[in-house]
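Engineer: Need a 3D model of the sequence below.
(2 chains)
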2 protein chains.
Amino acid sequence: MTIVTKTERTKVKRLPARGAYDRETIYSILDAGFICHVGFVVEGQPYVIPTGYARVGDELYIHGSSASRMLRNLAAGVEVCVTVTHVDGIVLARSAFHHSINYRSVVVLGRAELVTDADEKYAALEAFTEHIIPGRWPEIRWPSELEMKATSVLRLPIEEASAKIRTGDPKDDEEDYEMNVWAGVVPLETFAGEPVPDTKLAKGIEIPEHVRAYKKRGQR
Amino acid sequence: MTIVTKTERTKVKRLPARGAYDRETIYSILDAGFICHVGFVVEGQPYVIPTGYARVGDELYIHGSSASRMLRNLAAGVEVCVTVTHVDGIVLARSAFHHSINYRSVVVLGRAELVTDADEKYAALEAFTEHIIPGRWPEIRWPSELEMKATSVLRLPIEEASAKIRTGDPKDDEEDYEMNVWAGVVPLETFAGEPVPDTKLAKGIEIPEHVRAYKKRGQR
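Structural biologist: Take a look at the predicted model:
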């Protein structure tokens, strides 16, 4: 079990039992999603922007239009915080105070760097697509040189990071367990629905297996 | 249609057609979720933390333990960014470049203020619970004075804000529409599963209607 760097900034201080710092836990949470929230600071104001990501080894990649405000700011080499959250359930306690959410989240701190190496950038673009929907990359038109230029890719080493997890039953005060109130968890899950063909799709093109398979993959 | 303040900081610059600034749109996105990502800055480092929220009128409330690092920092009156994101589908284009995500997101910027008025704080706590699961509040034990003290509630006026929405088909380059590649959208939806009773639940307490009803509410 490899441990990431646990600093004062990433240590889970409240309810430390919920914190985890091993790469296996952190990577399983990162790999279960594809949208992160990136935090960065411009003139003292924090911004939090949802964006796609992929993990390759011990690196986290995010990308966007080279023209975007976020990417231009981040490419300058500022401190970022990348957070990934999965909401797994609503925890219904007997008291308002102990209501909670079951979740898995990861916070990665560091300085994002612009990827300038063409091969690394290309591999990251492939990873974005394959991370969202495995089997898609071989079937589609790959990025042109112009499209590569129009896209910025940033690399954030997964070094200073932590996971936070809550699972299971509500925890009520001892005297509240006698109350005549239903308590438990309402699980929440994200499912893929039936694929909707592009209205401009040429006739005779069937839904491919890698898209069909997503229905199952989404069921987690 | 009331418009929030559209500043240089919240104006959607890239693909401006995706931006919206009317309260109806912004509030419908806020009200469809209950977990936001709060961004704040401590010693130059941005932090992005998932947390619960509720909207009451033109105010956004977030809360947490009075002892938490986040709440202590925020209560000091710093600039925040609160972002709410719903991922609605995976947009599969013919080219890697035009792959995208259908989503609805809202960004609210401003200075969060600690709620010190007891009535406002109590109303916010009720709103958190009812926002997540309507009908729950009347059935549970309400916060004691001690629990009120242990909880910090922050108010962020919804003034400087914007929504960003992507819906519908992929947009490919004209020449790619002839490719023999399936294109379209895989819709993603969050569903509530069968409620799981607390292992310590007293016998004979049935799942109440407000919990059963959540199954349907989750289907959005």
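Engineer: Now stretch A:48-64 - C-alpha only, PDB.
Structural biologist: Output in PDB follows, covering the C-alpha atoms of stretch A:48-64 (Å, rounded to 0.1, in the frame of the first residue of the first chain):
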ATOM      1  CA  VAL A  48     -14.500  26.300  -8.900                       C
ATOM      2  CA  ILE A  49     -15.100  24.900 -12.400                       C
ATOM      3  CA  PRO A  50     -16.400  21.400 -13.300                       C
ATOM      4  CA  THR A  51     -14.200  19.700 -15.900                       C
ATOM      5  CA  GLY A  52     -13.200  16.300 -17.300                       C
ATOM      6  CA  TYR A  53     -10.200  14.400 -16.000                       C
ATOM      7  CA  ALA A  54      -8.300  11.200 -16.300                       C
ATOM      8  CA  ARG A  55      -5.700   9.500 -14.300                       C
ATOM      9  CA  VAL A  56      -2.600   8.000 -15.900                       C
ATOM     10  CA  GLY A  57      -0.300   6.300 -13.400                       C
ATOM     11  CA  ASP A  58       0.400   8.800 -10.600                       C
ATOM     12  CA  GLU A  59      -0.600  11.800 -12.700                       C
ATOM     13  CA  LEU A  60      -4.000  13.500 -13.000                       C
ATOM     14  CA  TYR A  61      -4.800  15.200 -16.300                       C
ATOM     15  CA  ILE A  62      -7.400  17.800 -17.000                       C
ATOM     16  CA  HIS A  63      -8.000  19.500 -20.300                       C
ATOM     17  CA  GLY A  64     -10.000  22.200 -22.000                       C
END
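Engineer: Just the angle for the longest strand seen in chain A relative to strand B:79-92, thanks.
Structural biologist: In chain A, with assignment by DSSP state E, the single longest strand is strand A:79-92. Taking axes from the mean of the first three to the mean of the last three CA atoms, to 10 degrees, strand A:79-92 and strand B:79-92 form an angle of 80 degrees between their directions.
Engineer: next helix or strand past strand A:79-92?
Structural biologist: Per DSSP states H and E, the first helix or strand lying C-terminal to strand A:79-92 is strand A:100-111.
Engineer: What residues of that next one count as buried?
Structural biologist: By neighbour count on 16 or more other CB atoms under 10 Å in any protein chain shown, the buried set for strand A:100-111 is A:100-110. For glycine as for every other residue, the C-beta is placed from the backbone atoms N, C-alpha and C.
Engineer: what sits against the residue nearest to A:V211 when sequence neighbours are not counted?
Structural biologist: Using CB to CB, 6 or more residues apart in numbering or on different chains and skipping the chain neighbours, the partner closest in space to A:V211 is A:P195 (5.3 Å). By CB atoms under 8 Å, 6 or more residues apart in numbering or on different chains, A:P195 lies in contact with A:207, A:211-212, A:214, B:184-187.
Engineer: 10 Å instead?
Structural biologist: Residues near A:P195 by CB atoms under 10 Å, 6 or more residues apart in numbering or on different chains: A:207-208, A:211-212, A:214-215, B:89-90, B:92, B:182-187.
Engineer: Mind jotting down where the helices sit in chain A?
Structural biologist: When assigned using DSSP state H, the helices of chain A occupy the ranges A:23-31, A:69-75, A:118-132, A:145-150, A:209-217.
Engineer: Of all these, which one comes closest to A:I158?
Structural biologist: Comparison of these against A:I158 by CB to CB identifies helix A:23-31 as nearest, at 6.9 Å.
Engineer: What pLDDT does the model give A:G218?
Structural biologist: What the model reports as pLDDT for A:G218 is 43.
Engineer: Least confident of the contacts of A:P195?
Structural biologist: For the contacts of A:P195, the pLDDT minimum is A:K215, 71.
Engineer: Check the burial of that residue by counting its neighbours.
Structural biologist: 14 (other CB atoms under 10 Å in any protein chain shown).
Engineer: Could you check how far it is from B:M148?
Structural biologist: To B:M148, A:K215 is 46 Å away according to CB to CB, to the nearest Å.
Engineer: who's in contact with the residue of chain A most remote from its centre?
Structural biologist: Residue farthest from the centre of chain A, counting by CA atoms, centre = their mean, is A:E178 at 39.5 Å. Counting by CB under 10 Å, 6+ apart, A:E178 touches A:94, A:172, B:202.
Engineer: Pick the one among those residues closest to A:Y21.
Structural biologist: A:D172 (29.1 Å).
Engineer: shouldn't the closest one be in contact with A:G184?
Structural biologist: No - with contact defined as CB atoms under 10 Å, A:D172 does not count as touching A:G184 (11.3 Å).
Engineer: what do the two both touch?
Structural biologist: With CB under 10 Å, 6+ apart as the test, A:D172 and A:G184 both reach A:93, B:198, B:200.
Engineer: quick one: the last one and chain A, what's the gap?
Structural biologist: Noted for B:K200: a distance of 6 Å to chain A, by CB to the nearest CB, to the nearest Å.
Engineer: ok, the spatially closest residue to A:A112 that is not a sequence neighbour to B:Y47 distance?
Structural biologist: If the residues on either side of it in the chain are set aside, A:A112 comes closest to A:L154, at 4.2 Å by CB to CB, 6+ apart. Note on A:L154: its distance to B:Y47, by CB to CB, is 18 Å.
Engineer: These two: who's more crowded?
Structural biologist: Shown here are A:L154 and B:Y47; by other CB under 10 Å, A:L154 has more neighbours (25 against 21).
Engineer: so the more buried one makes contact with A:A54?
Structural biologist: No - using CB under 10 Å, A:L154 makes no contact with A:A54, being 11.6 Å away.
Engineer: so what's in contact with those two at the same time?
Structural biologist: Contacts common to A:L154 and A:A54, judged by CB under 10 Å, 6+ apart, are A:60-63, A:124.
Engineer: For B:G168, state which of those is nearest.
Structural biologist: Distances from B:G168 to the shared contacts of A:L154 and A:A54, taken by CB to CB, are shortest for A:H63, at 21.9 Å.
Engineer: what about the residue lying closest to the closest one once chain neighbours are set aside, how many residues close to it?
Structural biologist: Nearest residue to A:H63, sequence neighbours excluded (CB to CB, 6+ apart): A:V153, at 4.6 Å. Close neighbours of A:V153, defined as other CB under 10 Å, add up to 27.
Engineer: What are the neighbouring residues in contact with A:V153?
Structural biologist: A:54, A:61-64, A:66, A:71, A:75, A:112-117, A:120-125, A:127-128.
Engineer: From A:G57, how far out is the nearest residue to A:E126 once chain neighbours are set aside?
Structural biologist: Leaving aside its chain neighbours, A:E126 sits nearest to A:W137 (5.3 Å; criterion: CB to CB, 6+ apart). According to CB to CB, A:W137 and A:G57 sit 18 Å apart.
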